[in-house]
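J.: Have a look at this prediction, sequence included:
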Amino acid sequence: MTSTTTGRQLNAAAAATFLVFGINGLVFASWAARIPAVTEALQISSGQMGTLLLCVAAGSLIALPTAGWVVGRIGTANTVRAAGAVAAAAGVGIALSLSAASTSGTAVSLFFFGIGIGLWDVSQNIEGADVEHRLGRTIMPQFHAAFSGGAFVGALIGAGLSRIGVGLPAHLLVIAGVVLVAALLAPRYFLPHVPAPAAADRDGAPRAAAAWRDGRTLLIGVVVLGATLTEGAGNDWIAKAAVDGLGAEQSTGALLFAVFVLAMTAMRFFGGRAIDLYGRVAVLRASMAAAAAGLGLFVLAGNIWLATAGAALWGVGAALAFPMGMSAAADDPRQAAARVSVVSTIGYIAFLAGPPLLGYLGDLTGIRLALLAIGVPILGALLLAGAAKPLRAG
């Protein structure tokens with residue numbers, strides 16, 4: 001393979017990975033931005049909505065620990081294709097269940113939605129880490145900016161459709177079609193998958209188990225756990241907190257979510273330079289401090305304008321922690337798949353399971369006040385940020 005061909009493949013793989021991250025964000029935000037519409041359609045409380053969100057978490061937490069093994073067997077491209085098909089089918093199930101006002105049908109569909117999203121997320125991060133390593137420069141935050149950009153577009157679409165009265169079922173059916181087409185076509189430009197030899201297959205399970213015993217990997221996972229809870233709580237509850245806590249309309253709540261996502265997107269696009277200049281650890285600590293300040297401002301704000309400023313600062317703080325965690329886990333290319341899978345699994349325990357627990361707490365205190373609980377893991381991530389220091393040979 002010539003260097004020119006290699007360069008073309010890397011550029012094509014980077015573009016395809018960027019698109020896959022963006023579509024992932026679009027489908028996630030199409031759901032998250034309209035959670036208030038789900039509670040209205042099913043006539044359920046914040047705590048009951050939390051239970052539905054746990055169905056997503058359960059599906060993803062089943063998929064995440066096995067995702068590294070699946071990628072090793074069939075490659076990142078085929079894993080994204082399979083995951084996209086599952087997520088699209090689940091989206092159709094959610095739409096039909098909401099049309100029938102079936103809480104149980106929605107729960108089952110969300111479980112399979114979680115499986116699809118979990119497999120998709122790990123495989124795209126493994127592909128992104130491989131592309132970043134081969135390019136030799138920081139690009140992972142830009143991939144996650146694509147996710148945030150897709151989520152921003154999804155949030156705007158959700159706000160617009162809510163404003164003009166288009167129901168969530170019709171919204172989800174269209175999104176499911178877009179996801180299926182993109183997930184099947186874009187991965188054809190991923191880096192070629194090299195099947196593992198038989199000996200490596202036999203070593204796959206021990207290697208995965210060793211990743212779960214690696215101290216640095218586990219500490220990175222704990223840091224990412226706190227950081228992703230910060231992001232996940234914003235994704236799932238900013239719109240609902242604005243509606244319940246500030247008396248905003250559903251469309252206004254969706255717009256606050258869009259502000260949060262836009263701030264994350266901008267920071268992820270331009271944050272790679274800050275990481276190169278100041279290092280992962282310093283940027284991670286600054287990010288957690290900004291997230292804490294933005295969270296406090298959002299929760300304690302007395303009007304929609306201060307809450308909007310808080311959501312923006314919260315988004316800036318939540319932007320870089322997860323991509324830095326993925327890059328840190330993939331510092332050793334030989335162990336990248338196993339360690340990215342471990343860190344993703346730990347992080348998504350918070351990203352997916354934390355927000356539903358906030359929903360239960362919200363039944364007692366109100367969802368906006370309940371968001372203050374994530375200040376504790378934010379502090380933990382700030383204190384343990386040194387674990388993400390890059391590995392360097394020589």
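T.: Perfect, thanks for sending it.
J.: count of residues packed around V153?
T.: By other CB atoms under 10 Å, the residues close to V153 number 18. Bear in mind the C-beta positions are built from the backbone N, C-alpha and C, glycine included.
J.: And stretch 367-376, what's buried?
T.: I367, R368, A370, L371, L372, A373, I374 (16 or more other CB atoms under 10 Å).
J.: Which residues are in contact with the third one?
T.: For A370, the contacting residues are L358, G359, L361, G362, L364, taking CB atoms under 8 Å, 6 or more residues apart in numbering as the criterion.
J.: at 10 Å what do you get?
T.: 46, 233, 237, 241, 245, 299, 357-364 (CB atoms under 10 Å, 6 or more residues apart in numbering).
J.: So which of those sit within strands?
T.: Among the contacts of A370, no member falls in strands (DSSP state E).
J.: starting at the chain centroid, how far to the host helix or strand of P355?
T.: If you go by DSSP states H and E, P355 is part of helix 354-365. Going by CA atoms, centre = their mean, to the nearest Å, the spacing between the C-alpha centre of helix 354-365 and its chain's C-alpha centre is 20 Å.
J.: Name the residues of the helix or strand R273 falls within that are buried.
T.: Here R273 sits within helix 250-278, counting by DSSP H and E. Residues of helix 250-278 classed as buried by neighbour count (16+ other CB under 10 Å): 250-269, 271-272, 274-275.
J.: Next: stretch 61-76.
T.: Within stretch 61-76, the residues that qualify as buried are L61, A63, L64, P65, A67, G68, W69, V70, V71, G72, G75, T76, counting by 16+ other CB under 10 Å.
J.: tell me the mean pLDDT for it?
T.: Average pLDDT, stretch 61-76: 84.
J.: Low-confidence bits of the stretch 201-350 of the chain, can you list those?
T.: Within the stretch 201-350 of the chain, the set of residues satisfying pLDDT under 70 comprises 201-208.
J.: that older thread, any chance of the buried residues of stretch 367-376 in CSV, plus distance to D214, pLDDT and secondary structure?
T.: Converted to CSV, these look like this (distance: CB to CB, whole Å; pLDDT from 0 to 100; DSSP: H, G, I helix; E, B strand; the rest coil):
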residue, distance to D214, pLDDT, secondary structure
I367, 37, 84, helix
R368, 39, 84, helix
A370, 34, 88, helix
L371, 33, 89, helix
L372, 33, 90, helix
A373, 30, 89, helix
I374, 27, 88, helix
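J.: Pick the one among those residues closest to V342.
T.: I374 (22.4 Å; CB to CB).
J.: The closest one against G317, yeah?
T.: No - I374 is beyond contact range of G317, at 11.4 Å (criterion: CB atoms under 10 Å).
J.: any common contacting residues for those two?
T.: T230, E231, G234, A291, A292, L295.
J.: would a markdown table of those residues with distance to L161 be doable?
T.: What follows is the shared contacts of I374 and G317, written out as a markdown table (distance: CB to CB, whole Å):
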| residue | distance to L161 |
| --- | --- |
| T230 | 28 |
| E231 | 24 |
| G234 | 21 |
| A291 | 29 |
| A292 | 33 |
| L295 | 28 |
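J.: number of nearby residues for L218?
T.: 17.
J.: Would you mind listing the residues in contact with it?
T.: Counted by CB under 10 Å, 6+ apart, L218 has contacts A211, W212, R339, V342, V343, I346, A387.
J.: Can you lay out the shared contacts of I374 and G317 as a markdown table showing secondary structure, distance to V131 and neighbour count?
T.: Shown next, in a markdown table, are the shared contacts of I374 and G317 (DSSP: H, G, I helix; E, B strand; the rest coil; distance: CB to CB, whole Å; neighbours: other CB atoms under 10 Å):
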| residue | secondary structure | distance to V131 | neighbour count |
| --- | --- | --- | --- |
| T230 | helix | 26 | 31 |
| E231 | helix | 22 | 28 |
| G234 | helix | 27 | 30 |
| A291 | helix | 27 | 29 |
| A292 | helix | 32 | 20 |
| L295 | helix | 32 | 24 |
